[in-house]
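Undergrad: task: produce atomic coordinates for the following.
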Amino acid sequence: MNPSVPPPDRRAALAAWYLCNDHRFFWNLPLAVGLLLCFHLFLMRTLSEDAEANLKVSEGECRALEPKSVADADNAAIEYERLQAGFVDPPDADQSDLWLGTGAAPAQVAWVAVRAHLAANAQVLKDLLAGAQRAGCSWRGGDGADLDQASRQSTKYYQWARLLALNARELAHEGEHAGAARALKAIAMLARHVNEASAWQRILEAYGGLDTQVEALEAIVLWDTPRTKEEIAAYREALWLENRFQEWLQRALEYERARTLLALDRMAVTGKPDRGYWISPMFRALDYGPARRSVSEGMAEVLEQVHRGELLSPRMPPRAKCEHLYGKATYAESVCYGAQRSQMLLLRMADQGRVADAALACLQFRLARGRDPTSFDEVTPTFLSAVPRDVYHEHPLRFRHVSAGMAVGTSQVLKGLLLVYSFGANGTDDHGNCTGKRGPGLPDDHSFRVPPPPRTNNGGTSGREGPP
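TA: Prediction:
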């Protein structure tokens, strides 16, 4: 090409050369080969997975992980099935005041609304207490459908737990601590039964119910304090003191892995979305294989960490990261975050139970000795088999007297409270403080408040518990 040609004419000459039929093939060939190579690489990443064979395997894994069936005579789910249609929701105007009653001081409880709600659900309470007497719970279903069945049967689980908590508050306020303890124990049994469903969504529901149980128990101890060793022992027996949380977590994660893979396999075979998972038009062609391997490998690493007893991170483990079509391992991200969330909820359930049990043991010590203990060494082995430790780092629990006073409810400050607490997930002694938020440097201790001993006429303390 002649360099003396002016620039505009030179560009026209270059365009004419590129567009010439004799030359077009040569400059299109590298581009076409590159595109074909990229498409081949994407295609091979998916074709390496046999969707139909994977579907049969994942269906078998889900069936194998379903809870074992329970005989009808021992199956609590039969009792719980009656609750769906029978539960009566409170009027909208009463809900906020009603639910405040699980942890508020008696003067702040809307007793009229509480008793009306309990009366409207008298049969539900009877069925809940009957279900708590059953040894096992089988949420029925097949081919992994027990997740849906459990969802339908336990949709109102949190309302059931709050109903039992309100019943416990009302009975304790009337002095019937044995009945109150039975209602609180029914919450713990309901949580155990709900956890029998192999899905971590049930773990969230179980935590919500047990959180309500501990809140109601603390309110009972503060305001309607049990006065005999038998009453305190009944409340201790009602607490959720399971040591199987690691087993439950591992089973829930294995089931979630199988269910997620089953959803991906069904989408790849049928081309239709499954259980809310979004599917792109090119999913089967390009995205199925990478997404499936991302979930499978990422969950394998998560399960290894759980088996080793390690605390999980909300971030994806390295083997879960996958550079597939959209640049994000969407499925692995959701599964790994859910795994960490489920583990933290199970640990908090267990830790709160241990703290509450230790606080009630201190109350038993006060009843027997006429004073509060100076350390947990005094409480063992008569009231505790060993010095209690938290579930996160095995740190010994602590307690302290709040001499300056602590706000309880919205209107009263109590001085001399005995505050029993654990160090929480951060492993730091925050003196029993908790912001209710999670994050680096934020206090997250789990605590339980015991009221100060009642004063006698001579200014000392009596050996009998009671509200201040």
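
Undergrad: what about the helices in the stretch 251-400 of the chain?
TA: 288-307, 330-369, 376-379 (DSSP state H, counting those that start in this stretch).

Undergrad: which one of these lies closest to residue 429?
TA: helix 330-369 (13.9 Å; Cβ to Cβ). From N, CA and C alone the C-beta is placed, and that goes for glycine too.

Undergrad: and residue 390, how many neighbours?
TA: Neighbourhood size, residue 390 [other Cβ atoms under 10 Å]: 23.

Undergrad: name the element residue 448 belongs to?
TA: Here residue 448 sits within strand 447-450, counting by DSSP states H and E.

Undergrad: so what does that strand touch, helix or strand wise?
TA: Applying 3 or more Cβ pairs under 8 Å, 6 or more residues apart in numbering; DSSP states H and E, one finds that strand 447-450 contacts helix 200-223, helix 330-369, strand 417-421.

Undergrad: export only the CA atoms of it, formatted as PDB.
TA: Output of strand 447-450 as PDB, limited to C-alpha atoms (Å, rounded to 0.1, in the frame of the first residue of the first chain):
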ATOM      1  CA  SER A 447     -27.100 -13.700  80.300                       C
ATOM      2  CA  PHE A 448     -29.800 -14.600  82.700                       C
ATOM      3  CA  ARG A 449     -31.000 -12.400  85.500                       C
ATOM      4  CA  VAL A 450     -31.800 -13.700  89.000                       C
END
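
Undergrad: parallel or antiparallel, list what pairs with it.
TA: strand 417-421 (antiparallel) (DSSP bridges).

Undergrad: ok, residues contacting the strand it pairs with?
TA: For strand 417-421, the external contacting residues (Cβ atoms under 8 Å, 6 or more residues apart in numbering) are 355, 358-359, 362, 372, 397-402, 405-406, 408, 431-432, 445-452.

Undergrad: ok, now stretch 125-136?
TA: 70, 74-80, 82-83, 86, 118, 137, 160, 163-164, 167, 182-183, 185-186, 189-190, 193, 196.

Undergrad: other residues contacting stretch 369-380?
TA: Taking Cβ under 8 Å, 6+ apart as the rule, stretch 369-380 contacts 358, 361-362, 365-366, 384, 386-388, 396-397, 399, 401, 418, 453, 461-463.

Undergrad: what's the local residue count around the closest residue to residue 399 other than its chain neighbours?
TA: Sequence neighbours aside, residue 420 is the residue nearest to residue 399 in space, at 4.4 Å (criterion: Cβ to Cβ, 6 or more residues apart in numbering). Residue 420 is flanked by 27 other residues according to other Cβ under 10 Å.

Undergrad: so how far is residue 228 from residue 420?
TA: Distance, residue 420 to residue 228, by Cβ to Cβ, to the nearest Å: 21 Å.

Undergrad: picking up where we left off before, of all the helices of the stretch 251-400 of the chain, which one comes closest to residue 224?
TA: Closest of the helices of the stretch 251-400 of the chain to residue 224 is helix 330-369, at 12.9 Å (criterion: Cβ to Cβ).
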